[in-house]
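1. pasted the sequence and its predicted model underneath.
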Amino acid sequence: MRLDAAQNCLLNSSAKRVEEFRFSCLDAFLDFIADLSADEWLAIGAAPPVDARTVAILEATLAVQRLQVDSWCVRDDVETLAVLVRSSLPPPTLRVHHAMERARLSAERAALAILARRWLARSDVADLLSPFSSRRWVGCARAP
């Protein structure tokens, strides 16, 4: 399954090469989470949550850098993938429902970290991507 919506949200920028890299990395991450099994999503949902301070820094960065439209597109892409995974499951128990919601939130925050990585500390990006580091996600190199 391939989603190219992240590319469709690319805004004109004076740093086009960096922007293209950022969105190709984001596309790669969306492809990666699209290929995760329902069991992998549930395991991600069972992982400890990312520190609230890191999430606050991410959200503030998205606002300061005026990435609200791009972040809306990313959130929509991740929600679409999560809906597809949920639809493949039998009627969920409350525990499964909550785990899927936590996994969706982790995937959303990780994708947003890729979107905003240019303005975030490496340690914050690493924290936001940590739920996926043990699941074949190798990440993207730093932007040129």
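-> Structure's in. What do you need?
2. ok, then the element right after the lengthiest helix in the chain?
-> Identified as the longest helix of the chain according to DSSP state H is helix 94-116. Downstream of helix 94-116, the first helix or strand assigned by DSSP states H and E is helix 122-129.
3. angle of that following helix against helix 94-116?
-> Helix 122-129 and helix 94-116 are oriented at 150 degrees to each other (axes from the mean of the first three to the mean of the last three Cα atoms, to 10 degrees).
4. quick check: mean pLDDT of helix 122-129?
-> Mean per-residue pLDDT for helix 122-129: 94.
5. can you check stretch 43-50 too?
-> 92.
6. would you put the C-alpha positions of the longest helix of the chain in CSV?
-> C-alpha atoms of helix 94-116 as CSV (Å, rounded to 0.1, in the frame of the first residue of the first chain):
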residue,chain,number,x,y,z
LEU,A,94,-11.5,-2.3,25.0
ARG,A,95,-7.8,-3.3,25.6
VAL,A,96,-7.2,-3.8,21.9
HIS,A,97,-9.1,-0.5,21.1
HIS,A,98,-6.9,1.5,23.5
ALA,A,99,-3.7,-0.2,22.2
MET,A,100,-4.6,0.7,18.6
GLU,A,101,-5.3,4.3,19.6
ARG,A,102,-1.9,4.5,21.4
ALA,A,103,-0.2,2.9,18.3
ARG,A,104,-1.9,5.4,16.0
LEU,A,105,-0.8,8.3,18.3
SER,A,106,2.8,6.9,18.3
ALA,A,107,2.8,6.6,14.5
GLU,A,108,1.4,10.2,14.2
ARG,A,109,4.0,11.6,16.5
ALA,A,110,6.8,9.8,14.7
ALA,A,111,5.6,11.0,11.3
LEU,A,112,5.3,14.5,12.6
ALA,A,113,8.9,14.3,14.0
ILE,A,114,10.1,13.4,10.5
LEU,A,115,8.1,16.4,9.2
ALA,A,116,9.7,18.7,11.8
